[in-house]
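Asker: missing the sequence, but the structure's below:
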């Protein structure tokens with residue numbers, strides 16, 4: 001779940017509605033994650049390219065989990081204790097909180113990974129592309145997610161000086 005959010009920037013409520021078929025097609029990872037309009041916050045479908053790191057993870061998930069067990073139990077990629085129903089946003093937050101405490105000894109929220117996705121992406125591309133990938137209607141919403149650091153600002157000045 002963490003890698004899906006970190007590599008695609010999707011919202012928790014979009015994550016929990018993902019079906020295995022959104023991530024795996026004909027036994028292979030999809031090349032683009034299609035956030036279907038019925039699960040997108042603003043009801044507007046968007047496509048997010050899948051990184052090779054995430055594709056490798058999806059292959060492993062399919063091999064060890066979805067392929068053998070999962071499809072007989074639930075269509076959802078991440079389901080809860082009740083077969084046929086997805087995890088709730090609260091359950092996902094609890095998983096992240098507990099994993100953060102154990103592994104990092106700090107609080108971690110799924111939304112932090114969405115912020116990280118946006119910040120990492122902004123160092124490679126422009127705000128408009130980040131807006132599209134995050135599924136924001138307004139560029140003002142996207143600006144909240146970005147956190148330029150001192151290195152980003154120095155690189156921008158250096159690039160300008162070389163032009």
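Answerer: Noted; the coordinates are in hand. This one's a predicted model, so the numbers in the text were calculated from it and none came from an experiment. Residues are numbered from 1 along each chain as shown.
Asker: let me know the next secondary structure element after the longest helix anywhere in the chain.
Answerer: Counting residues, the longest helix in the chain under DSSP state H turns out to be helix 89-103. Once the chain leaves helix 89-103, the next helix or strand it forms, by DSSP states H and E, is helix 110-122.
Asker: who's in contact with the very next helix or strand once past that next one?
Answerer: Following helix 110-122 in sequence order, the next helix or strand is helix 127-134 (DSSP H and E). With CB atoms under 8 Å, 6 or more residues apart in numbering as the test, helix 127-134 has contacts from 8-9, 46, 48, 114, 117-118, 121-122, 139, 141-143, 145-146. (C-beta placed from N, C-alpha, C; glycine too.)
Asker: before we move on, the earlier item: what angle separates the longest helix of the chain from helix 110-122?
Answerer: Relative orientation of helix 89-103 and helix 110-122, computed by axes from the mean of the first three to the mean of the last three CA atoms, to 10 degrees: 80 degrees.
Asker: show me the strands in the chain, by range?
Answerer: Counting by DSSP state E, one finds strands in the chain at the ranges 24-25, 28-29, 32-35, 46-49.
Asker: can you list the strands that the second one pairs with?
Answerer: In the sheet, strand 28-29 lines up against strand 24-25 (antiparallel) (DSSP bridges).
Asker: sketch out the low-pLDDT regions of this structure for me.
Answerer: By pLDDT under 70, the low-scoring segments of the chain are 69-72, 147-148, 163.
Asker: let's see that with 90 instead.
Answerer: By pLDDT under 90, the low-scoring segments of the chain are 64-75, 79-85, 119-120, 122-126, 141, 143-163.
Asker: now for the strands of the chain, which one comes closest to residue 90?
Answerer: Proximity to residue 90 (CB to CB) singles out strand 32-35 among those, at 21.1 Å.
Asker: residues in contact with that closest one?
Answerer: Against strand 32-35 from outside (CB under 8 Å, 6+ apart): 8, 10, 14, 22, 23, 45, 46, 47, 48, 49, 50, 135.
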